[in-house]
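Peer 1: Just a sequence and a predicted model for now, questions to come.
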Amino acid sequence: MRNKMSLREKSIVFIGFMGVGKTTIGERVAKKLYRDFVDIDKEIEKEYNMPTSEIFKTVGEKVFREKEKSMISDYSQQSLKIISVGGGAFLQEEIRNICLTNCLVFFLDLSWDSWKERISLLIDSRPVLQGKTLEEIETLFYERQEIYSLYHSKIKTDNQEVEDVADFIVESLKTAWEIYD
C-alpha cells in the first residue's frame, strides 16, 4: 500500500547534524504545504515528560534510540507529514532504510564553520555534545557527514535565510510533483 502512494502524498523527512535547522525549516515547509509537522525528539520528550538530555541520563541512549526508531517507523508510513529527525537518528541503518523507502529525504547541509557559530545555543541541550571538546565535536560532525550522504535532495544552508530555504524546498517539491506524478 505504501509503495502505491504518489510522490505528492509521501511524507518529507529532514536530516542533518544537530542544530542545522531541521525543526525550524521543517515547521516553515509544513506551514507552506498545509501539512502536519512532527519533531521526533519533541514527541519523545512529550512521551517521557522530560528533555532529551534527561531521557539520556534516566533511561539511557539505547532506550531513546529504540523509541526514536519506533516513532520514525510509524510516522514515515503516514502520508502528508513533515518530519524532523534527530541528528543521530540516521546512525541506525533501519531508520535510514525506512525513511529512504517511505519518504522524501532532504539533507540540510551546513558547513562546520557555520555550524560552530551556533554551538553556544546548542551545547547545553544536546546530550551527545556534553563534556566534549570543540575538536571532538568537529570529529563527530565530519563522521556523521557520511551517514547523511544518503538522501533524495541536499540543500546547502550556509548564509541562507530560513524563509528562503523553505521557499526553495517547496518550489522544488512542486516542480517534482508536476514532473513525476
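Peer 2: It's in. Numbering: from 1, shown residues only.

Peer 1: So which bits of stretch 144-162 are buried?
Peer 2: By 16 or more other Cβ atoms under 10 Å, the buried positions in stretch 144-162 come out as 144, 147-148, 151, 155, 157, 160. In short, each C-beta sits where N, CA and C put it, glycine included.

Peer 1: meant to ask about stretch 88-102, not that
Peer 2: Residues of stretch 88-102 classed as buried: 88-90, 92, 95-96, 98-100, 102 (neighbour count, 16+ other Cβ under 10 Å).

Peer 1: swap in stretch 41-50?
Peer 2: Of the residues in stretch 41-50, 41, 43-45, 48 count as buried by neighbour count, 16+ other Cβ under 10 Å.

Peer 1: Among the residues you listed, name the ones in strands.
Peer 2: Among the buried residues of stretch 41-50, no residue falls in strands (DSSP state E).

Peer 1: Which residue ranges of this structure form strands?
Peer 2: 12-15, 36-39, 81-84, 104-109, 153-156.

Peer 1: Dump these to CSV, plus distance to Ala30.
Peer 2: Formatted as CSV, these follow (distance: least, Cβ to Cβ, whole Å):
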stretch, distance to Ala30
strand 12-15, 9
strand 36-39, 4
strand 81-84, 4
strand 104-109, 12
strand 153-156, 16
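
Peer 1: any idea which of the buried residues of stretch 88-102 is the one closest to Leu121?
Peer 2: Gly88 (18.2 Å; Cβ to Cβ).

Peer 1: Could you tell me which of the buried residues of stretch 41-50 belong to helices?
Peer 2: 41, 43-45, 48 (DSSP state H).

Peer 1: can I get those in JSON lines with pLDDT?
Peer 2: Below are those laid out as JSON lines (pLDDT from 0 to 100):
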{"residue": "Asp41", "pLDDT": "94"}
{"residue": "Glu43", "pLDDT": "97"}
{"residue": "Ile44", "pLDDT": "96"}
{"residue": "Glu45", "pLDDT": "95"}
{"residue": "Tyr48", "pLDDT": "96"}
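
Peer 1: Tabulate the CA atom coordinates of the longest helix anywhere in the chain in PDB.
Peer 2: What stands out as the longest helix in the chain, according to DSSP H, is helix 162-180. What follows is helix 162-180, C-alpha atoms only, in PDB (Å, rounded to 0.1, in the frame of the first residue of the first chain):
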ATOM      1  CA  VAL A 162      15.200  30.200   6.900                       C
ATOM      2  CA  GLU A 163      12.300  31.500   4.700                       C
ATOM      3  CA  ASP A 164      14.400  31.300   1.500                       C
ATOM      4  CA  VAL A 165      15.400  27.700   2.200                       C
ATOM      5  CA  ALA A 166      11.800  26.800   3.000                       C
ATOM      6  CA  ASP A 167      10.600  28.500  -0.200                       C
ATOM      7  CA  PHE A 168      13.300  26.700  -2.300                       C
ATOM      8  CA  ILE A 169      12.200  23.300  -0.900                       C
ATOM      9  CA  VAL A 170       8.500  24.000  -1.500                       C
ATOM     10  CA  GLU A 171       9.200  25.100  -5.100                       C
ATOM     11  CA  SER A 172      11.400  22.100  -5.700                       C
ATOM     12  CA  LEU A 173       8.700  19.800  -4.400                       C
ATOM     13  CA  LYS A 174       6.000  21.400  -6.500                       C
ATOM     14  CA  THR A 175       8.200  21.000  -9.600                       C
ATOM     15  CA  ALA A 176       9.000  17.400  -8.900                       C
ATOM     16  CA  TRP A 177       5.300  16.700  -8.300                       C
ATOM     17  CA  GLU A 178       4.400  18.200 -11.700                       C
ATOM     18  CA  ILE A 179       7.100  16.200 -13.400                       C
ATOM     19  CA  TYR A 180       6.800  12.800 -11.800                       C
END
